[in-house]
Structure formats: C-alpha cells, structure tokens
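A.B. asks: one predicted model, sequence on top.
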Amino acid sequence: MKNSHPVPDYVGRILSSSGVPQGTCFQLAPGYLVTAWHVVQGTLALGDDGVLTVDRLRDPGADRITARVLAEDRKTDLALLAADAAFPGSARLLRASRSVAYAEPVTVVGHALMYETAGTPPVVWVEALGEWQGEVRRTDDVTLGRLHSRDVLPGMSGAPVRQRSDDSVVGVVSARYNTADGWLANSVWAGRADDVRALCAGRVELDGSRWAGFPAAAAAAGGGAAAAVAEDMLRKRREGPDIEVRTEAAPAPGREPGEPAASAAPAAPAGTGTGTGAADVPVPEPLTGPAPLPGGSGESVPDAVAEEVSQGALERVTRWILDNL
C-alpha cells in the first residue's frame, strides 16, 4: 500500500520540556499515542511535572500537544499515552506479529539523531526499510518481534514498524541489537502489536476490524467468523456445565415431535474428516440412535456420559478450527 507521503500523519515526536526530540510515537486512536517506555522514562527524568510534549513528525515544531502516561509495560518496553489533542490520522490497522510472513518487507519512519558537520541543518526524519524476521524470546519470558534493517537509528525508538504491503503496524521499535561478534548484525527488537493490544485492553476502544491476524478480530473484519464462534464455544465450555447449547431441528424418522434427540458419539480419530487443509477436521460420526453400552447389551449410554463425550468432541473440533485458521 503506497502512501502519498513517506511520513504518515499519525506519527509524531516525543520532546523534552526544552523542545529537544527524544524519540518517536504514533497515534493509535484520536488522543491516544503509543511509544517505547524507555523514551517516556528518559524524557520524564528531564522534567518534574510528569507531562510530555509531542509534535507531528511531518510538521515538526507546529501544533505541540501535551500528553500523560496512561499505562505502561516495562518488560515489553511499551507505553500508552493520553493526549489533550489529536493528530489528523491514526494507524489504520494493527497486525498480530505471528501473522506476518518471514522476510516480509517493512518500513520504519521516525525521528533520527544524526551528527552532521558544523553548519549542516539537522535531519528531521529518516525512512528505514527492512524485513520482518519473526520473534525472539528472552529468559524473562518476554517475546519481542525482530526485523532486519541497516538504517534504524537512535531517535526512532517508539516508531511503528509497518508492513509495506498494507501499512499495517506490526510492532514498535524498542532497540537495535549492536553485536560485537557479527551475529545477528543489523537486528532491531520491536514490541509486538499483540502486546500493544493487551496494553489497550479496557483503556482504548478500537473497532475489531482494526486488528488483523487475531482470531476474535478476524470475525469483526468479516473474514474469521468461524474463529469467533470457536472461541465462544470454548468460553462456554470453560464457564461450567450450566451453560447449554441447544439446536432445534425437525424430528428424525421414527421419533415423535418433542422426543429427545439421540446423543452424539465420540469423535472420529484425527485424520478421518473431510477437510482440505494441512490436517483434516476430526468430524464426529453421525448416529441414528443412542450409543449402546460396551458388551453389546443394547442399553443406551446414560445421558450424562453421552453429553460429556459430545462436549469433548465439540471441544476437539473447536480447537482444530482455532489452530488452523
């Protein structure tokens, strides 16, 4: 997705009380900004009022606004700010990190701290191109996104990492990995959109269609209704046995209206379904009557047992849907 301007109208700078740029931020929703926690921490240390000053990266120095910290996640290096005014635009789409293909082209535009020769006007922003390289896990159980780019510079912390194909935000620049031995050279760590979503929960209301690659959000976007239904089934299953799901249908041949339907049987073994994906959906085999007890006595399975078997089969099918969408 090509923008008319290389700097999105939702990207800004975090300024010190004296107006010196400290890092980059972006608007998630009108009046709500996301940046790197270490940028906020360092900037607040320069003042004593707990207030941050922000301006637009596309138009530096104009229309400065103030913001305060609404929430932070220090482990993932993310901060959510509440501003007293809004930028013209907001990030259109945020994408789950694990839904981004390996080596997917990404771009980072942010404030850049560069040391020029005397008399040379300072650089305001730099566009850094790169590729998404998946995730990295630390010993403190924190997962970060990783991208490869030679051009991410100091000052870009807090900038959105954007997938170039659709301008979706997949991460937030946290730090550059400066290796001394050459391994993973030009690697950049990024807070994941997944963790941005968690930080916003209960604080910022966003349309479900703004989140891509998340099962619950996919349904809101119109492309993942099955995932949403599956999640709802599992939720009801976890809430307890008093939650029932009933399906009314025409009575089967030989059964009077109002007569209880036959109980379901256990699911068929995995791989016996008719799906066309990498693995077949385990579909329960239909029954024409109550399941007999072991030993061939012909007696019906007790309702409680049949219900438990049916619920187990439903849960296995539901989990397959979530794992394969």
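C.D. replies: Received it, and whenever you're ready, just let me know what you need. Numbering: from 1, shown residues only.

A.B. asks: all strands of the stretch 51-200 of the chain, in order?
C.D. replies: 52-56, 65-73, 78-83, 94-95, 105-111, 125-137, 143-148, 160-163, 169-177, 187-192 (DSSP state E, counting those that start in this stretch).

A.B. asks: quick one: list the elements packing against the shortest one.
C.D. replies: Using 3 or more CB pairs under 8 Å, 6 or more residues apart in numbering; DSSP states H and E, the elements in contact with strand 94-95 are strand 169-177, helix 193-200, strand 211-212. C-beta coordinates here come from the backbone N, C-alpha and C atoms, glycine included.

A.B. asks: what pairs with the shortest one, parallel or antiparallel?
C.D. replies: Taking DSSP bridges as the criterion, strand 211-212 sits next to strand 94-95 (parallel) in its sheet.

A.B. asks: run through the stretch 51-200 of the chain and note the low-pLDDT ranges.
C.D. replies: Along the stretch 51-200 of the chain, segments meeting pLDDT under 70 span 116.

A.B. asks: which helices and strands does the helix or strand encompassing Gln27 pack with?
C.D. replies: Gln27 is part of strand 21-29 when elements are defined by DSSP states H and E. Applying 3+ CB pairs under 8 Å, 6+ apart, we find strand 21-29 packed against strand 11-15, strand 32-35, helix 37-44, strand 105-111.

A.B. asks: now the strands of the stretch 51-200 of the chain in a markdown table, with distance to Leu206 and mean neighbour count?
C.D. replies: Below are the strands of the stretch 51-200 of the chain laid out as a markdown table (distance: least, CB to CB, whole Å; neighbours: other CB atoms under 10 Å):
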| stretch | distance to Leu206 | mean neighbour count |
| --- | --- | --- |
| strand 52-56 | 20 | 22 |
| strand 65-73 | 14 | 17 |
| strand 78-83 | 12 | 22 |
| strand 94-95 | 8 | 24 |
| strand 105-111 | 21 | 24 |
| strand 125-137 | 22 | 17 |
| strand 143-148 | 20 | 20 |
| strand 160-163 | 15 | 28 |
| strand 169-177 | 12 | 24 |
| strand 187-192 | 16 | 25 |
